[in-house]
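J.: Got a predicted model here, sequence first, then my questions.
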Amino acid sequence: MAVLDRLLRLVIAIVLIIVLLTQGFASPWNYVVIALSLLFIITAITGSCPAYSLLHIDTRQFKESPLSYKDKRA
């Protein structure tokens with residue numbers, strides 16, 4: 001997962017939790033939003049998203065380091 005992707009997930013999760021804590025838990029949907037926020041935090045910390053794996057999405061810029069070039073003729 002790209003650094004920007006991880007940072008956005010973490011910021012969105014923190015904002016959602018702050019909004020829910022200031023509003024209170026008036027609706028059952030708030031628990032769903034908390035679960036999603038926790039999922040965003042976990043995926044931001046670990047750098048692995050199950051949905052990205054299932055959909056074969058890769059947000060990293062390089063598949064491998066450009067410095068790790070291997071000569072295939074050898």
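T.: Perfect, thanks for sending it.

J.: only C-alpha atoms for contact and neighbour calcs from this point on.
T.: Will do.

J.: which stretches of this structure aren't confidently modelled?
T.: Across the chain, residues meeting the criterion (pLDDT under 70) sit at 1, 59-74.

J.: ok, then the element right after the longest helix anywhere in it?
T.: In the chain, taking DSSP state H as the definition, the longest helix is helix 3-23. Per DSSP states H and E, the first helix or strand lying C-terminal to helix 3-23 is helix 29-46.

J.: what comes up buried for the helix or strand just after that following helix?
T.: Once the chain leaves helix 29-46, the next helix or strand it forms, by DSSP H and E, is helix 50-55. By neighbour count on 16 or more other Cα atoms under 10 Å, the buried set for helix 50-55 is empty.

J.: then helix 50-55 to CSV, C-alphas only?
T.: Taking Å, rounded to 0.1, in the frame of the first residue of the first chain, the C-alpha atoms of helix 50-55 are listed here in CSV:
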residue,chain,number,x,y,z
PRO,A,50,-7.9,-7.5,2.1
ALA,A,51,-10.1,-5.8,-0.5
TYR,A,52,-7.0,-4.7,-2.5
SER,A,53,-5.8,-8.3,-2.4
LEU,A,54,-9.1,-9.7,-3.7
LEU,A,55,-9.3,-7.1,-6.5
